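**Q** give me coordinates for this.
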Amino acid sequence: MRFKKDDIKQMRSHFLSREAWVKSRTKKKEISCPECKKEYKDMTSSKIGMMILNGKPNQHICNDCCSLYAEAYGIEDLYIHANNVEVEREELVKEIMSHPLNRRNEYYLVSIKDIDDMKGELSKLAARQEREDYLNSIDTSSWVLEDYLKEQYSVIMDANWLKDVSQIEEYFSEDYHELFECGQGYYQDEAEKIVFIDNKFYCVKMKAEIYSAKQDRGDRLYWVENLESVTYSEIPKPEEKMKITCTYNFSVDLLEEEQEALEGMLLKYGVVIQKEV
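**A** Sure, this is the predicted structure:
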């Protein structure tokens with residue numbers, strides 16, 4: 001064989017237009033394959049191959065001889081490699097598009113050039129599927145939250161969307177604006193919630209990024225712009241608060257708003273108000 005294995009850096013069949021190559025060459029040795037000596041004009045393939053040689057000019061060669069070198073030397077034909085990659089990419093696109101958790105469209109997937117990136121997309125879907133199967137396998141039928149935990153501590157138990165501690169950050173990141181009290185002249189940048197997961201209690205602490213704007217009248221207006229952090233830690237089961245029943249009488253009449261303010265303060269401390277009819 002004319003070229004040694006160590007001389008060949010890269011090889012690709014079906015690379016150059018056969019007709020254009022023959023028309024643009026004047027030397028006889030340039031219009032025939034250097035290996036088999038067949039003239040390119042007599043070949044049926046529309047393209048011929050190319051070799052990149054170490055320390056030498058690039059070399060034209062026919063497709064059949066490219067196959068010969070690939071078989072004899074084990075050199076990769078980049079044309080075949082590209083075709084194999086394209087076939088593999090098409091198969092990956094079909095597999096990803098048929099996956100029930102896929103949210104990518106076909107145009108996005110086709111735009112991914114690196115085959116490893118395509119495989120990465122499929123791996124992500126497999127990981128999501130594994131996680132979803134795990135969450136679906138969790139039995140929440142034995143989870144029971146006592147009434148006082150909801151009434152006194154506003155403990156959250158969501159057996160559909162909060163089955164595992166790994167879901168806490170995502171759960172509170174979905175709709176966090178209502179967790180912080182913000183308005184004109186006041187704001188809250190930290191909030192806490194207690195959640196009940198798998199018969200355990202967790203204190204969830206959230207911190208928000210607060211933005212504000214000056215108003216034409218009155219105090220500044222504050223609002224939550226972003227959720228900065230969500231952290232949690234396991235805590236003991238909150239104990240039931242003691243309820244106090246009492247009767248109170250006043251020797252003076254109270255305005256309605258004064259009575260509401262007084263009762264609101266009592267309720268804040270867990271006092272049960274019983275009114276005489």
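**Q** quick check: the residue nearest the centre of the chain vs Asn105, distance?
**A** Among the residues of the chain, the one closest to the centroid is Lys124, at 8.1 Å (C-alpha atoms, centre = their mean). Separation of Lys124 from Asn105 (C-beta to C-beta, to the nearest Å) stands at 16 Å. To be clear about C-beta, it is placed using only N, CA and C from the backbone, and glycine gets the same treatment.
**Q** what's the answer for Ile96, then?
**A** Ile96 is 10 Å from Asn105, where distance means C-beta to C-beta.
**Q** ok, those two, which is more surrounded?
**A** Shown here are Ile96 and Asn105; by other C-beta atoms under 10 Å, Ile96 has more neighbours (21 against 9).
**Q** and the contacts of the helix or strand hosting that one?
**A** If you go by DSSP states H and E, Ile96 is part of helix 78-97. Taking contacts as C-beta atoms under 8 Å, 6 or more residues apart in numbering, the residues outside helix 78-97 that touch it are 10-15, 49, 66, 70, 102, 104, 106, 109-110, 112, 115, 118-119, 121-122, 125.
**Q** can you do 7 Å?
**A** With contacts defined as C-beta atoms under 7 Å, 6 or more residues apart in numbering, helix 78-97 is touched by 10-15, 102, 104, 106, 109-110, 115, 118-119, 121-122, 125.
**Q** only C-alpha atoms, please: export it in PDB.
**A** Provided in PDB are the C-alpha atoms of helix 78-97 (Å, rounded to 0.1, in the frame of the first residue of the first chain):
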ATOM      1  CA  LEU A  78     -14.700  10.200   9.300                       C
ATOM      2  CA  TYR A  79     -17.500  10.000   6.800                       C
ATOM      3  CA  ILE A  80     -18.800   6.700   8.300                       C
ATOM      4  CA  HIS A  81     -18.200   8.100  11.800                       C
ATOM      5  CA  ALA A  82     -20.300  11.100  10.900                       C
ATOM      6  CA  ASN A  83     -23.100   8.900   9.500                       C
ATOM      7  CA  ASN A  84     -23.000   6.700  12.600                       C
ATOM      8  CA  VAL A  85     -23.200   9.700  14.800                       C
ATOM      9  CA  GLU A  86     -26.200  11.100  12.900                       C
ATOM     10  CA  VAL A  87     -28.000   7.800  13.100                       C
ATOM     11  CA  GLU A  88     -27.300   7.600  16.800                       C
ATOM     12  CA  ARG A  89     -28.500  11.200  17.200                       C
ATOM     13  CA  GLU A  90     -31.700  10.400  15.400                       C
ATOM     14  CA  GLU A  91     -32.300   7.400  17.600                       C
ATOM     15  CA  LEU A  92     -31.600   9.500  20.700                       C
ATOM     16  CA  VAL A  93     -34.000  12.200  19.500                       C
ATOM     17  CA  LYS A  94     -36.700   9.600  19.100                       C
ATOM     18  CA  GLU A  95     -36.000   8.100  22.500                       C
ATOM     19  CA  ILE A  96     -36.100  11.500  24.200                       C
ATOM     20  CA  MET A  97     -39.200  12.700  22.400                       C
END
